[in-house]
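Q: let me see the structure of the following:
(one chain, ligands or ions: 2)
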Amino acid sequence: MSSTVPKSSNIFWHDCPVGKTDRQKLLKQKGCVVWITGLSGSGKSTLACTLGRELHTRGKLAYVLDGDNLRHGLNKDLGFAAEDRAENIRRVGEVAKLFADAGLLCIASFISPYRRDRESCRALLSDGSFIEVFLNMSLELCEARDPKGLYKLARAGKIKGKPYLSRKIPYLIMFLVRELPFP
Ligand SMILES: Nc1ncnc2c1ncn2[C@@H]1O[C@H](COP(=O)(O)OS(=O)(=O)O)[C@@H](OP(=O)(O)O)[C@H]1O
Ligand SMILES: Nc1ncnc2c1ncn2[C@@H]1O[C@H](COP(=O)(O)OP(=O)(O)O)[C@@H](O)[C@H]1O
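A: Residues are numbered from 1 along each chain as shown. Ligands and ions are numbered 1, 2, ... in the order given. Okay, the predicted model is just below:
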């Protein structure tokens, strides 16, 4: 992403006396990120909210970062081209890292089709505190659900953007994720 504002090299890291370990002791939990990835309609938001509610019931402080919700604010300037999705996931990865550092159980629910983007997020966290969950639902099932009518729009060619060309990849997935997704 290009910017007209020059990057500053005069930036320093400030440590605070209260650290992650102190916050974790206070909350009696270990900060982590549960990253849910999968096709639109595969059940990511449902799982994220169910997990969030279950953790809350058990007295754990959890917070859900959902793709649709973040695209209303922090990421509202981004679309669905590969570079926009990469920037979307990069920003979310940074936010999730902060939440985990705050001691929260952060549940991130994003299509996040590109493995390299998810790996970049994993690399921001210490070992074992980035837990990836792939909702391995078939395109047929997701399309049959189609709660937002997105698959219908893609079939009708009404979702904009050039599809990624490959015979191996179903046409519809090209529109929705532009790449053979996931593991
Ligand atoms: N063209 C196209 N492709 C895919 N998704 C679309 C598109 N247009 C809008 N939407 C809606 O945006 C939600 C996906 O946002 P994400 O931030 O999770 O996508 S990504 O991780 O950047 O790929 C996604 O949410 P879910 O359906 O819950 O996955 C859709 O509601
Ligand atoms: N485990 C499940 N079994 C049956 N239906 C489900 C399940 N999880 C989600 N759904 C339904 O599938 C649709 C898509 O779920 P949603 O969580 O919005 O998916 P996503 O966030 O991946 O787009 C919704 O109508 C939801 O009620």
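Q: I'd say Asp146 and Gly41 touch.
A: Yes - with contact defined as Cβ atoms under 8 Å, Asp146 reaches Gly41; the gap is 6.0 Å. To be clear about C-beta, it is placed using only N, CA and C from the backbone, and glycine gets the same treatment.
Q: point me to the helix or strand that includes Cys121.
A: Per DSSP states H and E, Cys121 falls inside helix 115-123.
Q: now do that helix: which elements does it pack against?
A: Helix 115-123 is packed against strand 32-37, helix 82-101, strand 130-134, with contacts defined by 3 or more Cβ pairs under 8 Å, 6 or more residues apart in numbering; DSSP states H and E.
Q: only alpha carbons, please: show that helix as CSV.
A: In CSV, the C-alpha atoms belonging to helix 115-123 read as follows (Å, rounded to 0.1, in the frame of the first residue of the first chain):
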residue,chain,number,x,y,z
ARG,A,115,-1.5,-19.2,3.7
ARG,A,116,1.4,-16.7,3.6
ASP,A,117,-0.8,-14.0,5.2
ARG,A,118,-1.8,-16.4,8.0
GLU,A,119,1.8,-17.4,8.5
SER,A,120,2.8,-13.8,8.9
CYS,A,121,0.2,-13.5,11.7
ARG,A,122,1.5,-16.6,13.3
ALA,A,123,5.0,-15.3,13.2
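Q: what about that helix, distance to the chain center?
A: Distance of helix 115-123 from its chain centroid, counting by Cα atoms, centre = their mean, to the nearest Å, is 10 Å.
Q: pLDDT on it, on average?
A: Mean pLDDT, computed over helix 115-123, is 95.
Q: which other residues reach that helix?
A: Here helix 115-123 makes contact (Cβ atoms under 8 Å, 6 or more residues apart in numbering) with 33, 35, 37, 85-86, 89-90, 92-93, 96-97, 108, 112, 130, 132, 182-183.
Q: so is that helix next to ligand 1?
A: No - Helix 115-123 is not in contact with ligand 1 by Cβ under 6 Å from any ligand atom; minimum separation 8.0 Å.
Q: and Asp146 and Gly41? Which one has more around it.
A: Gly41 (21 against 15; other Cβ atoms under 10 Å).
Q: residues in contact with the more buried one?
A: Counting by Cβ under 8 Å, 6+ apart, Gly41 touches 137, 141-143, 145-148, 150-151.
Q: near ligand 2 too, which of those?
A: Restricting those to those near ligand 2 by Cβ under 6 Å from any ligand atom leaves 145, 147.
Q: can you list which of the contacts of Gly41 are found in strands?
A: The members of those all map outside strands under DSSP state E.
Q: pLDDT and distance to His14 added to the contacts of Gly41, as a markdown table?
A: Shown next, in a markdown table, are those (pLDDT from 0 to 100; distance: Cβ to Cβ, whole Å):
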| residue | pLDDT | distance to His14 |
| --- | --- | --- |
| Met137 | 90 | 44 |
| Leu141 | 93 | 48 |
| Cys142 | 93 | 45 |
| Glu143 | 93 | 49 |
| Arg145 | 96 | 47 |
| Asp146 | 95 | 48 |
| Pro147 | 95 | 44 |
| Lys148 | 95 | 42 |
| Leu150 | 92 | 43 |
| Tyr151 | 91 | 47 |
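Q: since that was my last question, I'll sign off now.
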